[in-house]
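Asks: Mind folding the following:
(2 chains)
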Amino acid sequence: MRKAFADAVLTQCGGEDWFFLTGDLGFMALEGIQSAFGKRFMNVGVAEQNMIGVAAGLARESLRVIVYSIAPFCYARPFEQIRNDICLGQLPVCLVGNGGGYAYGHMGPTHHALEDCAAMNALGVRVVAPAFDEDLSALLASIDTPTYIRLGFDARPAGTVVPEYAPWRQILPGGRGAIAALGPLAGVAWQALSDLPVDSRPALWAVCGFDSTQIPPQFFDQISTQPLYVLEEHVAQGGLGMSLSLALMERGLRPGEFVHRPALGYPTGRYGSQNFHRAQCGLDVISIRTMITG
Amino acid sequence: MHPFPEILRDTKLRLLRLHREANCGHVGGNFSCIDALMALHHRVMKPDDRFVLSKGHSAGALYAALWSLGRISEEELQTFTCDDSLLPGHPSGRGIPGLMFATGSLGHGPSLAAGLAVAARHRGQGHQIFCLCSDGEWQEGSCWEALTFAIHQRLANLTLLIDQNGLQGFGRTADVISCDDLTGRIGAFGVDVRRVNGHDCDAIVKVLSRPPDGAPRVVILDTVKGRGMPFEDSLESHYLPLSESQYEAARQAIEREVP
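Replies: Below you'll find the model as predicted:
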């Protein structure tokens, strides 16, 4: 999604009041932004705490700021700066973490972001996990609160067309409950299920946000007596599964069955590609298909 | 309008009473920087200039300084650290003009101030940005991140002040993690560093009135923690509130400065 993100910044974030800060990351992706933004593109170096503080200072003067790094360096290293400098002031800084979940695969666990949504949700940051490349333009056009955008890889089947961005979108209809897949996992599940008959598969929902007021009634109808499958490349604590569970409890609903597949960390103590880790968590194409077909 | 020495005396007395009535500690750090805060706000800063209190534990001194300027009402000041107040023990950054950020966790202010400085430069605005840190605060790596950024960006509209009172939460700074020769350390980054008696308002005004020379400035204020208090330059001034006898002794000491 880096290219789609960079393109969206150029189309949605024009104007002299936009600043783009990077913590020395974005090689072969952000050069266009660097060129277009000029001095408003600031590579602040390998200093994430300072990057967030500077962003807050700019935003406090009503300038619009995007902060970019790879996901773990974006939310974890400067956590307190996000909390105190951005959130306590309710400054509409847009934090962009590239490579949510296991996306940095064989780069190793320091480069994975498995608890980022929970951490940012806990601060009241609006967390968005776009599922598809096309989502970026809509997201960048609506930054008016502290926001964290978790970038991944658009994994939808080749040649498919996605519905217009919404926090919850039904990607595939189905007759056996529903899958709620966080961010790009919607594309992975799409690959897994698209050739199954409609009445033998669950509906597939691409979930990009955590605001339970945005869950469509149709989704609740689908799971009222049928299974609910939650897929997220994120730890269970503070993730989509917990968030959905609360939403269901608040509405007095109980799905026919609850299957939760979160990120499990590193259960074998061995490391590999994003797909290697997804497979260990039952989140790759084969595992998802088997989950449904048995 | 009273002359500055009388305003300073009255503000110190109000700050002292503020902490006494609130039974609030951090008196030492407030009285090590109140002279500099008052000199800055009354005699250096112009209306559009910005100030960031990075050493948020000296909130009382800043509240008192803003009170002396009429930006915080007496009624509001009386709510200091009380329920339903805009004036908690460390600034919230909301609700009071001049308080721009929530500070209190150390090491945040220099970056915030640098952001303000970039914004002002971007807009071609001529105002200055001032940020007050403590000396122990420079044990935080984030201060050095901000310093290198500010120097690299040549933020000539930024001035970092450091209240060097030599005491921190659990000991003397020299004994905890020494910041000895902070002037030399910071100067080694290629920035102009000046030292000044942090209780000499004329000297502070003089050093801060120098025109910018194309780079950020650092001013180290040599101060005494809890200056004028019965427990001046002692560790207990960092946390402990004033007893009635300490309050009275301190009050008399302040009044003796400017009868």
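
Asks: Report how many residues lie close to residue B:181.
Replies: Here the number of neighbours of residue B:181 (other CB atoms under 10 Å in any protein chain shown) works out to 10. Backbone N, C-alpha and C define where each C-beta goes, glycine included.

Asks: try residue A:279
Replies: Other residues within reach of residue A:279, judged by other CB under 10 Å, total 15.

Asks: so it, which of the three states?
Replies: Under DSSP: H, G, I helix; E, B strand; the rest coil, residue A:279 falls in the helix class.

Asks: Run through the residues that contact it.
Replies: A:286, A:287 (CB atoms under 8 Å, 6 or more residues apart in numbering or on different chains).

Asks: For the stretch 151-259 of chain B, just list every one of the strands.
Replies: Secondary structure of the stretch 151-259 of chain B by DSSP state E, counting those that start in this stretch: the strands cover B:158-164, B:167-168, B:171-172, B:192-197, B:217-222.

Asks: Let me fix that, I meant to ask about chain A.
Replies: Secondary structure of chain A, counting by DSSP state E: strands at A:18-22, A:41-43, A:64-70, A:94-98, A:126-128, A:147-151, A:168-172, A:178-182, A:203-207, A:227-231, A:257-261.

Asks: Phi first, then psi, for residue B:9.
Replies: Backbone dihedrals for residue B:9, given as degrees, to the nearest 10, come out at phi -60, psi -50.

Asks: Quote the end-to-end distance of stretch A:16-24.
Replies: For stretch A:16-24, the first-to-last residue distance is 22 Å (CA to CA, to the nearest Å).

Asks: How far does that stretch sit from its chain's centre?
Replies: In terms of CA atoms, centre = their mean, to the nearest Å, the centre of stretch A:16-24 is found 21 Å from the chain centre.

Asks: Which part of chain B gets nearest to chain A, residue-wise?
Replies: Closest to chain A within chain B is residue B:115: 1.8 Å, counting by CB to the nearest CB.

Asks: Make TSV out of the strands of chain A and add mean neighbour count.
Replies: Shown next, in TSV, are the strands of chain A (neighbours: other CB atoms under 10 Å in any protein chain shown):
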stretch	mean neighbour count
strand A:18-22	24
strand A:41-43	19
strand A:64-70	25
strand A:94-98	26
strand A:126-128	25
strand A:147-151	26
strand A:168-172	19
strand A:178-182	29
strand A:203-207	26
strand A:227-231	25
strand A:257-261	17
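
Asks: Could you provide these in TSV, with additional columns for distance to chain B and mean pLDDT?
Replies: As requested, the strands of chain A are exported to TSV (distance: least, CB to the nearest CB, whole Å; pLDDT from 0 to 100):
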stretch	distance to chain B	mean pLDDT
strand A:18-22	8	98
strand A:41-43	8	98
strand A:64-70	9	98
strand A:94-98	15	98
strand A:126-128	19	98
strand A:147-151	18	98
strand A:168-172	33	98
strand A:178-182	31	98
strand A:203-207	32	98
strand A:227-231	35	98
strand A:257-261	36	98
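
Asks: Now tabulate those strands in a markdown table and tack on distance to residue B:207.
Replies: Converted to a markdown table, these look like this (distance: least, CB to CB, whole Å):
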| stretch | distance to residue B:207 |
| --- | --- |
| strand A:18-22 | 32 |
| strand A:41-43 | 30 |
| strand A:64-70 | 33 |
| strand A:94-98 | 38 |
| strand A:126-128 | 44 |
| strand A:147-151 | 42 |
| strand A:168-172 | 59 |
| strand A:178-182 | 55 |
| strand A:203-207 | 57 |
| strand A:227-231 | 61 |
| strand A:257-261 | 62 |
